[in-house]
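Student: okay, structure incoming, though there's no sequence with it:
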């Protein structure tokens, strides 16, 4: 249905010509799900944009063909390409917050897409939009259709994007991280919906994701991408049971789970190399645990290892790199010490409530209140991690923002948040400034939280200047160099702007900003949701090491149960503004007491080895 032949994409950047995609070839059949996986910055999203001919102004396709049912879309005029986009090829973009128009109601945006690509108009198009909002799990779609994007949570915005794309019933779907911002129950619902559409309509799908558990449950074929090239292509069964490329094996070893609790994850050292350089050897060689001399000065071609295509010299030399299953990582189990520090609560939240006023009429008078958080209580000791889990829209992010004093002028907040005995809700002036240094937050949407007009150096330094005025300029500069090393970015990233990074790289910048002032408590709102598994392993190792070295505490808001299993000491399960259940990781995950918790855990995707054929 879709065939890509030797696709090459180049970007004109200050550092030179960036070869973002260098000779990519793949074929996707009708009704098939083809997963494209790999690290942040390797070219996955750029591939999707090239297929839709939506490259940035400084980019262009320099070679190759893109055949949709035999017709080369690269030869179409822009007027014809508009009918292809949305109508024949739909795309779910990676960052819904930047893809939705902030001054249009979400329903108007869905209706606009429906009217552009189908025969429906007016009330019929609006009814279709409401139907699809319900299908993707948005509660009260008849009311939420008239909301603006800023009134929706990150997961709800993602569902609006999915509804907008699927309502046009395209022949082929490009899904770029379609479930990244979704909780596990809605994720399961969306994935089941995509499977059903594929079965009914024969829709082909290119699934771009870093969630390997989703890949194992959805995809028939998998392509692993690194530094602009495909390095392994295999069936899903072969990829998970017998990965061939050393990079594939390392990725699978980096996944967090209960067995690695308390130890280090098998993170891949280094970063993806800059793509403006001329490569003389294997692009993965500097990070590879099986590299030999020839890897550094010989360009590897795609070789066949059984039914798997693999770009690795180990196979050209006749040495099978993956005859045995993926080995367990001994280092992950070597250190199982737990922090046995003072159990006195660093943060104690008592009966927290958050109510947003509902305003109506021309004068916007208050006509009621929406209760987002209703009587939430929990405690976090020094050096410990509390995971707050639950469905999108249940109040997790609102709880975190209330604690760090970001809702003072937007909502009515009740209860107490005692930090080292001081109520955060009553602090003013210098006392509040000191509290901000001690309590930091990593936001869910890194793009919206980074100033697009500031370089990364200035973004990170701003917090140090405001909250660490005693630090000299030279010390600040050295601190920033250490931070970018810690979060897995190259130092040249400090001189670039946020729009020059991928979603995962922007998330690393947001984490570095929170770490800069050495806080005592960090509210982590989906800090690894936009990260691939290797970088996620780096970040989780970093957070774990910082906790052991400095005693920092975390309120970890997430829907990734694998991450919870690995990093959390206690879990609080939230539903509709209330905490339904809380306890130790072992208690809640091993023996859940409420039906809601059991439903939540049942929806968690796990890597299952698919049967060949």
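Tutor: Arrived safely. In this text the structure is predicted, and so the values were computed from the model without any measurement.
Student: going forward, measure contacts between C-alpha atoms and count neighbours the same way
Tutor: Noted.
Student: pLDDT below threshold where in the stretch 101-250 of the chain?
Tutor: In the predicted model, the stretch 101-250 of the chain carries pLDDT under 70 at residues 181.
Student: helices of that one, start to end?
Tutor: When assigned using DSSP state H, counting those that start in this stretch, the helices of the stretch 101-250 of the chain occupy the ranges 106-117, 122-135, 141-144, 154-166, 184-201, 212-218, 236-241, 246-253.
Student: for these, which one ends up most surrounded?
Tutor: The highest mean neighbour count among the helices of the stretch 101-250 of the chain, using mean count of other C-alpha atoms under 10 Å, belongs to helix 154-166: a mean of 25.
Student: low-confidence ranges in the protein?
Tutor: Of all residues in the chain, those with pLDDT under 70 make up the ranges 181, 317-343, 503, 530, 608-613.
Student: got the domain ranges for it?
Tutor: Using automatic domain parsing, the domains assigned to the chain come out as 2-101+167-219, 243-334, 382-394+433-598.
Student: could you dump those domains to JSON lines with distance to residue 348?
Tutor: Written out in JSON lines, the entries for those read as follows (distance: least, C-alpha to C-alpha, whole Å):
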{"stretch": "domain 2-101+167-219", "distance to residue 348": "26"}
{"stretch": "domain 243-334", "distance to residue 348": "25"}
{"stretch": "domain 382-394+433-598", "distance to residue 348": "11"}
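Student: looking at the helices of the stretch 101-250 of the chain, which is nearest to residue 304?
Tutor: Between residue 304 and the helices of the stretch 101-250 of the chain, the shortest separation by C-alpha to C-alpha is 13.1 Å, and it involves helix 236-241.
Student: distance from the closest one to the middle of the chain?
Tutor: 23 Å (C-alpha atoms, centre = their mean, to the nearest Å).
Student: ok, which stretches of the stretch 451-600 of the chain are helices?
Tutor: 456-467, 473-486, 503-515, 533-550, 561-567, 585-590, 595-602.
Student: quick check: which of those is buried the most?
Tutor: Between those, the one whose residues have the most neighbours on average, counting mean count of other C-alpha under 10 Å, is helix 503-515 (a mean of 24).
Student: any chance of the helices of the stretch 101-250 of the chain in CSV, plus distance to residue 380?
Tutor: As requested, the helices of the stretch 101-250 of the chain are arranged in CSV below (distance: least, C-alpha to C-alpha, whole Å):
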stretch, distance to residue 380
helix 106-117, 38
helix 122-135, 37
helix 141-144, 35
helix 154-166, 25
helix 184-201, 25
helix 212-218, 30
helix 236-241, 38
helix 246-253, 30
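Student: which one of those lies closest to residue 228?
Tutor: Set against residue 228 and scored by C-alpha to C-alpha, these come closest in helix 246-253, at 14.1 Å.
Student: after the closest one, next one along is what?
Tutor: strand 302-305 (DSSP states H and E).
Student: report the buried residues of that next one.
Tutor: Residues of strand 302-305 classed as buried: 302, 303, 305 (neighbour count, 16 or more other C-alpha atoms under 10 Å).
Student: any chance of those residues in CSV, with distance to residue 161 too?
Tutor: Supplementary listing: the buried residues of strand 302-305 in CSV, determined by distance: C-alpha to C-alpha, whole Å:
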residue, distance to residue 161
302, 36
303, 39
305, 39
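Student: pick the one among those residues closest to residue 371.
Tutor: For the buried residues of strand 302-305, the nearest to residue 371 is residue 302 (56.8 Å; C-alpha to C-alpha).
Student: tell me which of the domains of the chain sits nearest to residue 159.
Tutor: Among the domains of the chain, domain 2-101+167-219 sits nearest to residue 159 (C-alpha to C-alpha), with 8.1 Å.
Student: got the contact list for residue 27?
Tutor: Contact criterion C-alpha atoms under 8 Å, 6 or more residues apart in numbering gives 1, 2, 3, 4 as the residues in contact with residue 27.
Student: wasn't it part of a strand?
Tutor: Yes - when DSSP: H, G, I helix; E, B strand; the rest coil is applied, residue 27 is found to be in a strand.
Student: circling back: right, and the helices of the stretch 451-600 of the chain - which one's nearest residue 417?
Tutor: Distances from residue 417 to each of the helices of the stretch 451-600 of the chain were compared by C-alpha to C-alpha, and the smallest falls on helix 503-515, at 20.0 Å.
Student: by how many degrees do the closest one and helix 533-550 diverge?
Tutor: Helix 503-515 and helix 533-550 meet at an angle of 10 degrees, taking axes from the mean of the first three to the mean of the last three C-alpha atoms, to 10 degrees as the criterion.
Student: contact partners of helix 503-515?
Tutor: Taking C-alpha under 8 Å, 6+ apart as the criterion, the residues outside helix 503-515 that touch it are 40-41, 94-95, 440-443, 445-447, 449-450, 456, 459-460, 463, 483-484, 487-489, 498, 522, 527-528, 530-532.
Student: dump the helices of the stretch 451-600 of the chain to a markdown table, plus distance to residue 128.
Tutor: Compiled in a markdown table, the helices of the stretch 451-600 of the chain are given as follows (distance: least, C-alpha to C-alpha, whole Å):
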| stretch | distance to residue 128 |
| --- | --- |
| helix 456-467 | 43 |
| helix 473-486 | 47 |
| helix 503-515 | 31 |
| helix 533-550 | 37 |
| helix 561-567 | 34 |
| helix 585-590 | 39 |
| helix 595-602 | 29 |
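Student: among those, which is nearest residue 170?
Tutor: Going by C-alpha to C-alpha, the one of the helices of the stretch 451-600 of the chain nearest residue 170 is helix 503-515, 25.5 Å.
Student: how far does the closest one sit from the chain's center?
Tutor: Chain-centre distance of helix 503-515: 12 Å, with C-alpha atoms, centre = their mean.
Student: what's around residue 256, how many residues?
Tutor: Each residue near residue 256 was counted by other C-alpha atoms under 10 Å, and the total is 25.
Student: thought it was touching residue 566?
Tutor: Yes - using C-alpha atoms under 8 Å as the test, residue 256 is close enough to residue 566 to be in contact (5.9 Å).
Student: what are the boundaries of the strands in the stretch 351-500 of the chain?
Tutor: Along the stretch 351-500 of the chain, the segments classed as strands by DSSP state E, counting those that start in this stretch run 365-381, 385-390, 412-419, 422-423, 439-442.
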